[in-house]
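**Q** Any chance you can model this:
(one chain, ligands or ions: 1)
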Amino acid sequence: MDGRLTITEAITIPMPARPAAPVQTLRLQTTFEICGHVFTVKVNTQELADAKRYPFTHLILHGNPIHCHVVYVDKQGAVRGSESSKSIQIDRTSATFQELVKWWTMHVEGDA
Ligand SMILES: [Zn+2]
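**A** Have a look, this model is predicted:
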């Protein structure tokens with residue numbers, strides 16, 4: 001390695017064909033014990049309506065060091081509980097990376 005960045009593969013990420021589904025904004029008042037953040041929880045209304053069981057599990061992944069917050073939402077869209085963990089695993093594949101980039105493309109700044 002000579003220190004230069006070499007890009008060996010171009011990744012084409014298809015743009016979404018239709019606008020993202022409406023997002024329901026829920027206010028989570030719980031302060032997470034790991035980082036002390038209070039989040040505005042944004043849940044896709046269609047995903048919430050189509051859930052197989054409740055409470056619906058919603059994940060927030062963020063921070064340095066990276067960690068996750070798990071939020072439990074009932075069928076009416078109320079936050080029923082939450083927990084946090086520094087123990088996470090992110091699959092190291094191009095498919096996962098492309099999905100992450102697609103998610104960021106479909107969600108505007110400050111949406112997360
Ligand atoms: Zn946090």
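
**Q** what about the strands in this structure?
**A** 23-27, 40-44, 56-62, 67-73, 79-85 (DSSP state E).

**Q** Tell me which of those strands is the most buried.
**A** Burial of the strands of the chain is given as mean neighbour count (mean count of other C-beta atoms under 10 Å); strand 67-73 ranks first at a mean of 19. Backbone N, C-alpha and C define where each C-beta goes, glycine included.

**Q** Partner strands of that strand, with direction?
**A** strand 56-62 (antiparallel), strand 79-85 (antiparallel) (DSSP bridges).

**Q** quick one, it and strand 40-44 angle?
**A** 60 degrees (axes from the mean of the first three to the mean of the last three C-alpha atoms, to 10 degrees).

**Q** so, in contact with the ion or not, strand 67-73?
**A** No: Strand 67-73 does not reach the ion (C-beta under 5 Å from the ion); its nearest approach is 5.5 Å.

**Q** To Asp91, which of the strands of the chain lies closest?
**A** Asp91 sits nearest to strand 56-62 of all the strands of the chain, at 12.9 Å, using C-beta to C-beta.

**Q** Kindly format the C-alpha coordinates of that closest one as CSV.
**A** Output of strand 56-62 as CSV, limited to C-alpha atoms (Å, rounded to 0.1, in the frame of the first residue of the first chain):
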residue,chain,number,x,y,z
PHE,A,56,-43.3,-2.2,17.8
THR,A,57,-39.5,-2.1,18.1
HIS,A,58,-37.7,1.0,16.8
LEU,A,59,-33.9,1.4,16.7
ILE,A,60,-31.8,4.6,16.9
LEU,A,61,-28.2,4.1,16.1
HIS,A,62,-25.8,6.9,16.8
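
**Q** For the closest residue to the ion within the chain, give its distance to Lys75.
**A** The chain approaches the ion most closely through Cys35 (3.2 Å), counting by C-beta to the ion. Cys35 is 28 Å from Lys75, where distance means C-beta to C-beta, to the nearest Å.
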